[in-house]
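Enquirer: pasting a predicted model and its sequence here:
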Amino acid sequence: MLAVLGHPTYARLLAAQVVALLGTGLLTIALGLLAYDIAGEGAGTVLGLALTIKMVAYVGLSPVANAVVARLNRKHVMIGADLVRACAALSLPFIDSAWQIYLAVFVLQAASATFTPTFQAVIPDVLPEEGDYTRALSLSRLAYDLENIVSPMLAGLLLTVLAADTLFFGTVAGFLVSAALVRAAAVPAVRPARQRPFRERLTRGIRIYLATPRLRGLLALNGTVSAVGAVVLVQSVVIARSAYGGDERALAVALGAYGMGSMLAALALPRLLERRADRALMGPAASAAGLLMVGAGLWVALVDWPAWPVFLVLWFVLGLCLSAVMTPAGRLLRRSAQAEDLPPIFAAQFALSHATWLFAYPVAGLVGSALGVPVVMAGLGAVGLACAFLALRLWPAGQPDHLPHVHAGLSADHPHLADAERVAGGYRHAHPFVIDDMHPEWPRPPR
């Protein structure tokens, strides 16, 4: 899998992603400390609202940002976004009220909503071979998981010798190094594309996404990931501290077990995806995650919490399953759009997937507080299981890439119809099908 790092442009871009993620991890910890300094026991409310603002920025601004920067140089867009993030992080040590936190978080996450989809859309151009791209997706998943493990450790080491405010400067350094690495990378230029009105650029990615069956299935799978993942991320602290009577290290161990499962899946997926179709792997993994969470919630409600090692195994398997759903998503997006439409379709995935988290996070917190952890485990597990079944229904099995379809509005001498045959109502042919200007609707299966 590491052979893909032999590509110098991808290696620099991955390094940029890693250092930016480390900076973001330091920021998350520093924000918690800052919120406590400002609000005391109300820090949870301040931090919760800040994270909600983060999700709102992701959901609302990603398609807008993509439409605005669609014609700009992608390298410059990513460097600019990193510099905006660095400036926003640099302001945080000087903040002394909650509303200033909210404003800084909004600006920072708006820049992230610009950077991330642009970065994701560049990688398929850098690595055109599907095998290399699959390995890149796995490395990206590993980077996210390692960030969750390494950032707290790095923050702990820094806090033993430095003041808490210095964590923000670590975040600034991460974004500046990321910008420097992007500047050093040979980012492919945007391919010439048809000039489109702003409104069309704004909605194009979501229209393509929702018109493609496998991506409608992916949206439902995003629902499984957020429903089950929100229980893990929101309620792990309650489970570790209250149910098992552990200390801060118990929370780290629980999240570490989840992260290790996710990393193991990311390491295994490139070989698995050489032998199995994406749907055959992602659907069962999502179903297993939902079923495990439902079963665990019912077991706790009717019996009791299992032994601590059994709980850690459960969290490990959940990390394994959810990573098996999340990691191949980029392959589906790449397969579902023309090269010029990759940025808007990645922006659509970024917005729609975070919209599911925007629902799941507050439900996991509020329902867990009101009705108890076992209820929210069973309830959101059931939501995740239902989303997995919906995904398998929306994403038909065995659908070939080369889909027969009829063009009714093209002239007989159009270059696209070179291999087509005349039939009633137009010209019929088959090729790898994606939604674009000549194919605005998905062909209906023959009856």
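Expert: Noted; the coordinates are in hand. Numbering: from 1, shown residues only.

Enquirer: and the helices in the stretch 201-350 of the chain?
Expert: Taking DSSP state H, counting those that start in this stretch, the helices of the stretch 201-350 of the chain run over residues 213-238, 248-275, 278-302, 308-326, 329-335, 342-371.

Enquirer: doesn't A57 make contact with A110?
Expert: Yes. Under the criterion of CB atoms under 8 Å, A110 makes contact with A57 at 5.0 Å. Bear in mind the C-beta positions are built from the backbone N, C-alpha and C, glycine included.

Enquirer: helices along the stretch 1-150 of the chain, start to end?
Expert: Going by DSSP H, counting those that start in this stretch, the stretch 1-150 of the chain shows helices at 8-39, 43-69, 74-91, 98-126, 130-161.

Enquirer: which other helices and strands contact the fourth one?
Expert: Okay, so that is helix 98-126. helix 8-39, helix 43-69, helix 74-91, helix 130-161, helix 329-335, helix 342-371 (3 or more CB pairs under 8 Å, 6 or more residues apart in numbering; DSSP states H and E).

Enquirer: give me the buried positions along stretch 299-311.
Expert: W299, V300, W305, W308, F311 (16 or more other CB atoms under 10 Å).

Enquirer: same question for it, mean pLDDT?
Expert: What stretch 299-311 shows for mean pLDDT is 95.

Enquirer: measure it end to end?
Expert: 12 Å (CA to CA, to the nearest Å).

Enquirer: for stretch 67-77, same thing?
Expert: With CA to CA, one end of stretch 67-77 sits 12 Å from the other.

Enquirer: residues touching it, excluding its own?
Expert: 114-115, 118, 121-122, 182-183, 185, 187-190, 196, 198, 201-202, 343-344 (CB atoms under 8 Å, 6 or more residues apart in numbering).

Enquirer: of those, buried ones?
Expert: In these, the ones that pass as buried (16+ other CB under 10 Å) are 114-115, 118, 121-122, 182, 185, 187, 190, 196, 201-202, 343-344.

Enquirer: mind putting the residues you listed into TSV with pLDDT?
Expert: Output for those, formatted as TSV (pLDDT from 0 to 100):
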residue	pLDDT
T114	86
F115	86
T118	85
A121	81
V122	85
V182	91
A185	89
V187	82
V190	69
R196	67
R201	72
L202	74
P343	81
P344	84
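
Enquirer: can I get those residues in a markdown table with distance to I208?
Expert: Shown next, in a markdown table, are the buried ones among the contacts of stretch 67-77 (distance: CB to CB, whole Å):
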| residue | distance to I208 |
| --- | --- |
| T114 | 20 |
| F115 | 22 |
| T118 | 17 |
| A121 | 13 |
| V122 | 18 |
| V182 | 27 |
| A185 | 27 |
| V187 | 23 |
| V190 | 17 |
| R196 | 13 |
| R201 | 12 |
| L202 | 13 |
| P343 | 11 |
| P344 | 7 |
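
Enquirer: what about stretch 264-275, distance to the chain center?
Expert: 18 Å (CA atoms, centre = their mean, to the nearest Å).

Enquirer: do the same with stretch 68-85
Expert: A distance of 19 Å separates the centroid of the chain from that of stretch 68-85, by CA atoms, centre = their mean.
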